[in-house]
Each structure stands twice: as structure tokens, then as C-alpha cells.
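> Turn this into a structure:
(one chain, ligands or ions: 1)
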Amino acid sequence: MDARFKSRYGPYAVVAGGSDGLGAAFAEALAQRGLDLVLVARQEDRLRALASRLAQGYGIDAIPIAADLADVDAAMARIGALPAGIGLLVYNAAYAPIGPFAETDADRLARAAAVNVRAPLLLAKRLSAPMIARGRGGIVLMSSLAGAQGSPNLAAYAATKSFNATLAEGLWKELKPHGVDVLACVAGAILTPGYRQAEKSRPAPGAMEARDVAECALRALGKGPIVVPGAVNRVARFVLTRLLPRRAAIALMARNTGGLS
Ligand SMILES: NC(=O)c1ccc[n+]([C@@H]2O[C@H](COP(=O)([O-])OP(=O)(O)OC[C@H]3O[C@@H](n4cnc5c(N)ncnc54)[C@H](OP(=O)(O)O)[C@@H]3O)[C@@H](O)[C@H]2O)c1
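Take a look at the predicted model:
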């Protein structure tokens, strides 16, 4: 229980993409701090199992909402119908169409835009309004080192992650006077089921456990617009964004992403 965190960002936190991997780690870290939860993901059984484990383990309320965030309007209608006072949004869900752009179906690109761009944008808009009225709250948007520059074979995903970082920076400044803290978590590799499925070879240098990334992000909320969890990832971001010329940064990233299919 963390009374200061709960009074600043409670009573309820929405974790969008909150049933597995990093989303489950965010949910558990928030439950440990005493926040009640609204967990959104598609696979209902897994979602219900996590909600019930956290509710019993931490004595909190955990509401599962089985919904596809590609249709954020439907998900928002269900969240909006809850009698819960929402003081925090963690937007974790993402879809990554991996592989050559020329061979990627337009439907998959549209899905990435819906899940990674339209949904966090509109959820932030919808949920920040009552936070602004209350004069307190928080928003965490998941970004990625892949979004620090163009990333071949992950071009669309990387662009959506760049969008989230830029959105968070703008909102950080804009919403601060209203008492709402906004943070982009610019993560390197995280050892989630999604990552292990996509990355067939050894994990990238600096790969982190999901619970460490979630803790790092929640501790950074309210301290600045961006957090990069892990020393190796902070060095990587410095090299990619400050030291290298743009085309060299893209080439370096391509050494990691260029073979993805
Ligand atoms: N993993 C990494 O190496 C890495 C690196 C940098 C940044 N990130 C970012 O960190 C976040 C988590 O990454 P991850 O891919 O590794 O995922 P993850 O933490 O394993 O979780 C994905 C979660 O989102 C849910 N989800 C996915 N698509 C959804 C949709 N359309 N509607 C509702 N829920 C959805 C999943 O549940 P259901 O399947 O039940 O829907 C699951 O609970 C993402 O924003 C990603 O961009 C990840």
C-alpha cells in the first residue's frame, strides 16, 4: 500500500492491455500500491484469472473488461459506464506487424494504427477530462526504443511508438498545470510473451523483466515526460538520438530489426 500514490492516482487505474506480460506487471505493481483496477484485454479467461488473483491477494477491486482496443469506442463505452473514479491510465496494449512493409497487408497496418495510435489518443482524451476536473491524475503511454528512429521491418510499429512518446511529451507540459502527470515509458527489450514470440534468437542486450520496467515507470511518474528503464537502454537511446547521424542510427537499428519476418 502506498497512500501517497493512491491519493494522487486512485482510486481506480485502467490498464489497457492488462492481462499478460508488462500489462500484468503494471496491474500487480498498482495493486501493491493499493489501487483498484480496471483491466482491459481480449482473452477473457486470462483477464478474469488475473483480476481475481489480484483482488484476493491485495484486497482491492479488480474489474475485467474483455474488449478489443482496435475498437476503442466500444471499450470506452464500457469503461465510461463503470461507477469507478479513474485516476490513472496505463496504455500498454500494442500490435506490431513485423516484416517487410511491401508484404504486409493493409489490414494489419490499419490495426497497428487503431491499437497503438487511435486507442491511446482517444482514451487519454476521454479519461483526462475527469482528471483535469479533479485536479489530479496520471497517464502512462508505452513507447519503445524502436520509435527513437526509423526501424526497418518494424517501420509502422516504430512510427506508432514515436507517436506515443511525442504525445506524452506534449501532454506532460499541457496537463501539468491541471495536476495530471503524463509519462512516456521508452522501453528497450522486455521479456514478455509477446517479445519471446517475436524474437526467435537471444534476447537483445539490456532486456529487462516486465516487473522491473513497470516499477521503473510508476516510480518515474510525476518526475518528467520520459523514462527509459535500464542503464543499457539509456545509453542506447543516447547513442541513437544524440550521437549518431540519423542514417547511422537507422542502420544500427536495422542490424536488430532488419531480419525480422
Ligand atoms: N516486449 C518488448 O520487448 C517491448 C519493447 C519496447 C516497448 N514495448 C511496449 O510495451 C508494451 C507491451 O509489450 P508486449 O508486446 O510485450 O505486450 P505484453 O506486455 O505481453 O501485453 C500485451 C497485453 O495487451 C493485450 N492486448 C494486446 N492487443 C490488444 C488489443 N487489441 N485489445 C486489448 N488488449 C490487447 C494482451 O492481452 P490479449 O491478448 O488478451 O488481448 C496483453 O494483456 C507495448 O506497448 C509495446 O509496444 C515492448
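> Could you give the number of residues near the closest residue to T192 other than its chain neighbours?
Spatially, and ignoring its direct neighbours in sequence, T192 is nearest to G21 (3.1 Å; Cβ to Cβ, 6 or more residues apart in numbering). Glycine gets a C-beta too; all of them are placed from N, C-alpha and C. Residues lying near G21 (other Cβ atoms under 10 Å) number 20.
> what about G21, distance to the ligand?
2 Å (Cβ to the nearest ligand atom, to the nearest Å).
> F238 too?
17 Å.
> That residue should be in a helix, yeah?
Yes: assessed by DSSP: H, G, I helix; E, B strand; the rest coil, F238 belongs to a helix.
> What is the burial count for it?
F238 - counted by other Cβ under 10 Å - has 13 other residues nearby.
> now swap in A148 and tell me
So A148, with other Cβ under 10 Å, has 22 neighbours.
> same check, this time on the one 10 residues further on
A total of 24 residues lie near A158 under the criterion other Cβ under 10 Å.
> my guess is it meets G147, correct?
Yes: when contacts are counted by Cβ atoms under 8 Å, A158 is listed as touching G147 (5.0 Å).
> wait, isn't A214 in contact with A31?
No: in this structure A214 lies outside contact range of A31 using Cβ under 8 Å: 11.2 Å.
> Those two: who's more crowded?
A214 (28 against 24).
> List the contacts of that one.
L22, A25, F26, E28, A29 (Cβ atoms under 8 Å, 6 or more residues apart in numbering).
> repeat for N256
A204.
> So it, which state does it fall into?
From three-state DSSP, the assignment for N256 is helix.
> got the residues of the stretch 101-250 of the chain near the ligand?
Proximity of the stretch 101-250 of the chain to the ligand (Cβ under 6 Å from any ligand atom) is limited to residues V115, M142, S144, K161, A187, A189, I190, T192, P193, G194, Y195.
> Filter those residues down to the ones in strands?
Members of those lying in strands (criterion: DSSP state E): M142, S144, A187.
> Can I get those residues in CSV including neighbour count?
Output for those, formatted as CSV (neighbours: other Cβ atoms under 10 Å):
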residue, neighbour count
M142, 28
S144, 26
A187, 26
